[in-house]
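*Asks:* Give the three-dimensional model of this entry:
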Amino acid sequence: MQVRSLFLLLVLILVAATAEAGKNKKEKAKKDGSKCKDWRWGPCVPSSKDCGLGYREGTCKDESKKLKCKIPCNWKKKFGADCKYKFESWGGCSAQTGLKTRSGILKKALYNAQCEETVYVTKPCSSKIKSKSKGQ
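*Replies:* Numbering: from 1, shown residues only. Reported below is the predicted structural model:
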């Protein structure tokens, strides 16, 4: 009986310690030392070349911060890495230009980025002819 009570007490202490440790982690994550709500963020500036890890500077009144950021190396440089678009399917191939076109509508602008509402992209038409699948 005493062993069971001792074991139960040990389990309760362990649960309480785990809960306290989790609460401390949450408090640290929320605590950034700033009460400013109207942050203005600049673009992500890569540390080297034109993509990869870098930083973004932000200002609010007389405060300033730097955040780590990452620009994917396959991003559409024309639009900026902070503008996210929903694209339609590719259109047909233009015989005159040899290009396909599609449009994208702005889905999300990150960090108060100035983004165009609609963008258009083109790519060369494929020279390969797609064959029908074997099941037909």
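*Asks:* Run me through the strand neighbours of the helix or strand hosting residue 107, direction for each.
*Replies:* Assigned by DSSP states H and E, residue 107 belongs to strand 99-109. Counting by DSSP bridges, the strands paired with strand 99-109 are strand 83-87 (antiparallel), strand 118-124 (antiparallel).
*Asks:* could the ones you listed be laid out in CSV, adding mean pLDDT, mean neighbour count and distance to residue 102?
*Replies:* All C-beta spots, glycine's among them, are computed from the backbone N, C-alpha and C. Shown next, in CSV, are those (pLDDT from 0 to 100; neighbours: other CB atoms under 10 Å; distance: least, CB to CB, whole Å):
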stretch, mean pLDDT, mean neighbour count, distance to residue 102
strand 83-87, 91, 15, 6
strand 118-124, 91, 12, 6
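*Asks:* quick one: which of those strands is nearest residue 18?
*Replies:* strand 83-87 (38.4 Å; CB to CB).
*Asks:* thinking again about what came up before, could you give me the buried positions within the strand holding residue 107?
*Replies:* Going by neighbour count (16 or more other CB atoms under 10 Å), the buried part of strand 99-109 is 100, 104, 106.
*Asks:* re the thing from before, kindly reformat the strands paired with strand 99-109 as TSV containing distance to residue 45.
*Replies:* Below are the strands paired with strand 99-109 laid out as TSV (distance: least, CB to CB, whole Å):
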stretch	distance to residue 45
strand 83-87	16
strand 118-124	22
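*Asks:* So for residue 95, which of those strands sits nearest?
*Replies:* Among the strands paired with strand 99-109, the nearest to residue 95 by CB to CB is strand 118-124 (13.0 Å).
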